[in-house]
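Novice: Got a sequence here, can you model it:
(one chain, ligands or ions: 1)
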Amino acid sequence: MGPWILEHWDTDGSKSFCSNGSRAALAVPGAPGETLVEAISNGERIFLRRRNQEVGIRLPEGEGFGLRHVPLSTDLPAGFGWIGNPQLVLRVPSVAAVDLPAFAPPLRHHSAIAGGTNVNVVEVVVPGEARIRSWERGVEGETLCCGTGCAVAAAWLAQTEGPSAWRFHTAGGEEVSVTVVPEADGGWRDLWLSGPVRRLGIVQPDPSLRP
Ligand SMILES: N[C@@H](CCC[C@H](N)C(=O)O)C(=O)O
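Specialist: Take a look at the predicted model:
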């Protein structure tokens, strides 16, 4: 069988690569058990793997993917990465203290990042464990968990201070974990994001919507 083909649309109707949407694909009835599934998700090559109630995704890697410098004038330590979508990560003393609706939009539309960016604030609890909140492009608001934001946060934290495995407490109250092999040029290998996936219901598409 060839790779699965997945497409994701954000709430504003724009198409975008989404790691959590991709992971949710393994919740569809009849999805394979613990077999590795290759997929092309919004044009990006990924792998999916179920382990009990968790689904992991190996995120895109290679040319074009990784951390890169962007000329931002902020007092906060910050990293930026392309993971199939743009992710800006800023380290803060407390994510709870950030007024995200005021803080994020100017960075979301920052002129240094063509096309804009998702914005994540991260608070390191101890090395390998952090809290994160995300303001998503295409939603133009805070979401419960941005998987690609967590993945880039882990890659940046691994590169700047280690370790290479991180557990994130997300705004939705659930945890996701990320492991990564950082490369010297800002790239990454074997970047895996794992977290819970639950089926909430079964949707019957309106037959009039069939192509
Ligand atoms: N809408 C974003 C990316 C969405 C990421 C997604 N929520 C995830 O979990 O990976 C964009 O493309 O800017």
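Novice: doesn't residue 104 make contact with residue 137?
Specialist: No - the pair residue 137 / residue 104 is not scored as a contact, 10.0 Å apart, by Cβ atoms under 8 Å. For every residue, glycine as well, the C-beta is placed using N, CA and C.
Novice: Between those two, which has more neighbouring residues?
Specialist: It is residue 104, of residue 137 and residue 104, that has more neighbours when counted by other Cβ atoms under 10 Å, with 25 against 20.
Novice: ok, now how distant is the closest residue to residue 157 other than its chain neighbours from the ligand?
Specialist: The shortest distance from residue 157 to any non-neighbouring residue, by Cβ to Cβ, 6 or more residues apart in numbering, is to residue 166 (6.1 Å). To the ligand, residue 166 is 16 Å away according to Cβ to the nearest ligand atom, to the nearest Å.
Novice: Same check on residue 185?
Specialist: Distance, residue 185 to the ligand, using Cβ to the nearest ligand atom: 23 Å.
Novice: beta partners for the residue nearest to that residue when sequence neighbours are not counted?
Specialist: Nearest residue to residue 185 in three dimensions, chain neighbours excluded: residue 66, at 7.0 Å (Cβ to Cβ, 6+ apart). Per DSSP bridges, the residues bridged to residue 66 are residue 82.
Novice: Number the chain from 14, please
Specialist: Yep, numbering from 14; the last one is residue 79 now.
Novice: surely residue 79 meets residue 194?
Specialist: No - contact between residue 79 and residue 194 fails when scored by Cβ under 8 Å: they sit 11.8 Å apart.
Novice: what does this protein put close to the ligand?
Specialist: For the chain, the residues in contact with the ligand (Cβ under 6 Å from any ligand atom) are 23, 29, 31-33, 98, 131, 149-151, 159-161.
Novice: can you list the domains in the protein?
Specialist: In terms of domains, the chain is parsed into 17-73, 79-204 (source: automatic domain parsing).
Novice: secondary structure class for the residue nearest to residue 170?
Specialist: strand (DSSP: H, G, I helix; E, B strand; the rest coil).
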